[in-house]
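> Sharing a model that was predicted from the sequence below.
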Amino acid sequence: MSLIELIILLVIAAIVGLIAQSLARYWRGGILLATALGFVGALVGTWLARALGLPEVLTVSVDGVAFPIVWAIVGAVLLVGLVALAGRGRGQFWGVTPPSRVTMITAALLALLSLLVSSGILAVSVSAYALMAVAFLVLLLGNLVRGL
């Protein structure tokens with residue numbers, strides 16, 4: 001595995017960790033913790049999906065390494081929930097929506113993922129146009145919900 005492919009996996013794990021923290025509405029740590037949550041969430045979520053007999057959904061493959069996005073988010077949300085329960089309020093609870101900074105980072109990383117797919121560096125089961133549409137949808141919903 002080359003350095004570029006490792007960086008791509010780190011970026012995907014960071015996106016998953018940030019999404020999980022925003023879904024759980026609990027923030028503790030920085031981007032490094034979000035990346036670790038993404039990787040560990042992928043392990044926990046994949047194990048849970050296999051134990052329940054569920055199919056893999058939206059798996060990203062980088063140099064033969066499969067990264068299950070949906071199950072990684074599910075596993076990371078479970079881990080963030082456990083951290084929130086064990087931390088007894090030492091983290092920061094988000095309000096209705098995560099900070100706009102997280103929305104922007106998520107949308108930018110989805111756009112970067114779309115560029116990697118369209119250039120052929122990364123192979124996923126979703127088209128580059130769909131990834132870009134999701135990036136714009138994240139921006140739109142993030143701004144709409146935050147503006148209420």
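On my side now, so go ahead.
> chain center to stretch 53-63: distance?
Relative to its parent chain, stretch 53-63 has a centroid offset of 14 Å by C-alpha atoms, centre = their mean, to the nearest Å.
> if I look at Leu32, how far off is Leu10?
10 Å (C-beta to C-beta, to the nearest Å). Where you see a C-beta, it was placed from the backbone N, CA and C, and this is true even at glycine.
> do Val16 as well
Going from Val16 to Leu10 by C-beta to C-beta gives 11 Å.
> Which one of those two is surrounded by more residues?
Val16 (31 against 15; other C-beta atoms under 10 Å).
> Excluding chain neighbours, give the residue nearest to that one in space.
Once flanking residues are discounted, Val16 sits nearest to Gly38: 3.6 Å by C-beta to C-beta, 6 or more residues apart in numbering.
> Wasn't the one you found part of a helix?
Yes: Gly38: assigned to a helix according to DSSP: H, G, I helix; E, B strand; the rest coil.
> isn't it right next to Ala20, touching?
Yes: under the criterion of C-beta atoms under 8 Å, Gly38 makes contact with Ala20 at 7.4 Å.
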